[in-house]
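**Student:** Here is my input, please return the structure:
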Amino acid sequence: MTEKIFDLSTKKVSPLTLIYLKKDGKVLLLKRSPKKEMVAGKWLGLGGKLEPGEDLVESAKREFLEETGLKILNPILRGTFTWINESEHAGTLYIFTATKYEGDLSSECDEGELCWHDVHSVEELEHLAGHQKFFLSKILKDDNYFYAGIAVYNNGELLHYTDSQKYFDERRK
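**Tutor:** The predicted model follows:
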């Protein structure tokens with residue numbers, strides 16, 4: 001079988017931040033509006049695109065404030081998730097967690113619905129965005145875990161996936 005090689009020079013590569021605020025055994029998630037193009041109607045962390053000249057931490061803080069009204073004080077980079085699809089897009093999510101914040105949670109969010117969910121049952125959440133199942137439980141439960149994964153999709157269907165855990169598991173054999 002011949003593997004398909006992707007020509008990344010044809011891709012629009014998007015760097016994005018994804019932030020999870022943890023508090024009292026819960027995590028704040030966003031259920032994306034059904035009107036949104038990406039992950040519509042799915043629960044996921046908060047975040048978005050980096051602006052020109054903006055660094056990752058600045059972007060994470062800005063996006064979180066815009067979507068929640070909360071200023072996160074201690075964002076910690078916990079991993080990366082890179083995806084490639086057969087359309088014109090590819091991207092990397094820079095995944096953060098935070099536990100300290102200031103402000104009051106907004107009652108309105110242009111991106112969708114905000115809600116706190118139990119950390120220990122978040123993987124069972126109906127309509128959880130699929131890519132988070134690779135890393136979410138681990139980064140929420142283990143403060144020392146750092147995730148790095150890559151996925152290849154075609155029309156939303158996962159074709160190939162690997163991550164750092166698989167790499168280390170194979171090296172231990």
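**Student:** So for the longest strand that the chain contains, mean pLDDT?
**Tutor:** The longest strand of the chain (DSSP state E) is strand 12-23. The predicted model assigns strand 12-23 a mean pLDDT of 92.
**Student:** Give me the sheet partners of that strand and which way each runs.
**Tutor:** strand 26-32 (antiparallel), strand 46-49 (antiparallel), strand 89-98 (parallel) (DSSP bridges).
**Student:** How far does the second one sit from its chain's centre?
**Tutor:** Mean-position distance between strand 46-49 and its chain equals 8 Å (C-alpha atoms, centre = their mean, to the nearest Å).
**Student:** Could you find the closest non-adjacent residue to Arg32?
**Tutor:** Gly112 (4.5 Å; C-beta to C-beta, 6 or more residues apart in numbering). Heads up, the C-betas are built off the backbone N, CA and C, glycines and all.
**Student:** ok, which stretches of the chain are helices?
**Tutor:** For the chain, applying DSSP state H gives helices covering 56-68, 136-141, 164-172.
**Student:** Turn the ones you listed into CSV, including distance to Ile19 and mean neighbour count.
**Tutor:** Formatted as CSV, these follow (distance: least, C-beta to C-beta, whole Å; neighbours: other C-beta atoms under 10 Å):
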stretch, distance to Ile19, mean neighbour count
helix 56-68, 5, 20
helix 136-141, 11, 19
helix 164-172, 20, 10
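**Student:** Thanks again, I'm all set now.
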